[in-house]
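# coords below, sequence missing:
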C-alpha cells in the first residue's frame with residue numbers, strides 16, 4: 001500500500017493553541033479507506049529579533065517581557081552608523097527610530113506598541129479592558145521613573161550628581177509611595193491575581209533605582225514583599241542570573257556607540 005503525506009485540511013486536524021504551535025505533532029486519520037499518517041511541523045514563525053544597542057535603554061523592558069513569557073529571541077546589535085542607515089534604507093524603521101522588533105512577520109517600532117503586543121499575546125495584559133487600563137496606568141508610572149534613570153549616562157558629568165538626587169527623591173517621595181499604596185490593597189500583583197507587564201516594569205525600575213540607592217526600599221514593606229515575590233518567579237529568576245539576556249548598567253562605551261550611531 002502506498003502512503004502519502006496528507007495536508008492539514010484533508011485530515012481535518014483541529015485548531016492548535018499557541019503553545020502547540022511551537023511543537024511537532026503527528027496526526028493519524030482514515031483517508032479514503034487508507035490509514036494516512038500526516039506529520040506536520042509547526043513553528044510559531046521565527047524567533048523574535050530585537051534591533052537595538054548592546055545595552056539596556058528602551059529595549060530592556062522588551063527583554064524582560066519576553067523572558068517572563070518564556071519566549072526565545074535573538075538580537076542584532078547596532079554598532080555602526082552603517083547598520084542603522086541600512087535599516088532606514090530598507091524601510092524597517094517607520095519613524096527612523098529604534099527599538100525595532102521583528103515578530104510574527106511584523107517590524108514593530110515604538111516601545112509601547114511593542115510591549116502591548118507582546119503582553120497581549122502572552123497573557124500579561126490583564127483579563128479585560130478595565131484591568132488593561134490599570135496596567136497601563138501603573139506601567140506608565142514606572143516608565144516615567146525609568147526615563148530619569150535611562151537618561152543619566154548621557155548627561156554631562158556636572159549634572160549627574162543632581163540627577164541621582166532627583167531619581168532618589170522622585171522614587172522615594174512620589175512613585176514608590178504610590179505603588180506601596182496599590183500593593184497594600186492587592187494580593188501580591190499590581191492588578192488582579194496574575195503577573196502583568198506592570199509588575200515587570202515595577203520590578204525593573206526598583207532594581208534600577210537600587211543600583212544607586214541600595215536601601216531605598218527600607219521604608220516600603222509592601223514593595224519589599226513584591227520584589228521578593230516577582231523576582232523568585234522561575235523565569236524572572238533565570239533572567240536575573242548572570243549570563244542571561246539582561247544587560248548591565250550602561251557604561252561609557254554604550255553611550256559612545258549610541259551617540260555615534262544616532263549622531264546626537
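Sure, I can see it. As the structure is a prediction and not an experimental result, all values here were calculated from the model. Numbering: from 1, shown residues only.

# Identify, by residue count, the longest helix of the protein.
Longest helix in the chain, counting residues (DSSP state H): helix 129-151.

# Which other helices and strands does it contact?
Helix 129-151 sits against helix 157-170, helix 176-184, helix 197-210, with contacts defined as 3 or more C-beta pairs under 8 Å, 6 or more residues apart in numbering; DSSP states H and E. From N, CA and C alone the C-beta is placed, and that goes for glycine too.

# again, only using 10 Å
Packed against helix 129-151 by the contact rule (3 or more C-beta pairs under 10 Å, 6 or more residues apart in numbering; DSSP states H and E) you find helix 60-69, helix 111-121, helix 157-170, helix 176-184, helix 197-210.

# Tabulate those (TSV), appending mean neighbour count, mean pLDDT and distance to residue 90.
Listed next are the helices and strands packed on helix 129-151 as TSV, based on neighbours: other C-beta atoms under 10 Å; pLDDT from 0 to 100; distance: least, C-beta to C-beta, whole Å:
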stretch	mean neighbour count	mean pLDDT	distance to residue 90
helix 60-69	22	98	21
helix 111-121	19	98	18
helix 157-170	13	96	36
helix 176-184	16	98	41
helix 197-210	23	98	29
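
# what's the closest of those to residue 145?
Residue 145 sits nearest to helix 197-210 of all the helices and strands packed on helix 129-151, at 5.1 Å, using C-beta to C-beta.

# between that closest one and helix 176-184, how big is the angle?
140 degrees (axes from the mean of the first three to the mean of the last three C-alpha atoms, to 10 degrees).

# what's in contact with the next helix or strand after helix 197-210?
Where DSSP states H and E defines the elements, the next helix or strand beyond helix 197-210 is helix 221-231. If you take C-beta atoms under 10 Å, 6 or more residues apart in numbering as the criterion, helix 221-231 is touched by 68, 176-177, 179-186, 188-190, 195, 199-200, 202-204, 206-207, 210, 216-218, 220, 236-237, 239-240.

# Quick check: residue 75 is in a strand.
Yes. Residue 75 sits within a strand when classified using DSSP: H, G, I helix; E, B strand; the rest coil.

# Quick check: bridge partners of it?
residue 50 (DSSP bridges).

# okay, and for the stretch 1-150 of the chain, where does confidence drop off?
Applying pLDDT under 70 to the stretch 1-150 of the chain flags residues 1-45.

# ok so, going back, in JSON lines, list the helices and strands packed on helix 129-151 along with distance to residue 250.
Formatted as JSON lines, the helices and strands packed on helix 129-151 follow (distance: least, C-beta to C-beta, whole Å):
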{"stretch": "helix 60-69", "distance to residue 250": "10"}
{"stretch": "helix 111-121", "distance to residue 250": "17"}
{"stretch": "helix 157-170", "distance to residue 250": "13"}
{"stretch": "helix 176-184", "distance to residue 250": "23"}
{"stretch": "helix 197-210", "distance to residue 250": "11"}
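
# Looking at the ones you listed, spot the one closest to residue 138.
helix 197-210 (4.0 Å).

# what's the angle from the closest one to helix 221-231?
Using the same axes, to 10 degrees: helix 197-210 against helix 221-231 is 110 degrees.

# Report the distance from helix 197-210 to the chain centre.
A distance of 12 Å separates the centroid of the chain from that of helix 197-210, by C-alpha atoms, centre = their mean, to the nearest Å.

# quick one, what contacts the closest residue to residue 212 other than its chain neighbours?
Sequence neighbours aside, residue 164 is the residue nearest to residue 212 in space, at 5.6 Å (criterion: C-beta to C-beta, 6 or more residues apart in numbering). When contacts are counted by C-beta under 10 Å, 6+ apart, residue 164 touches 148, 149, 152, 155, 212, 213.
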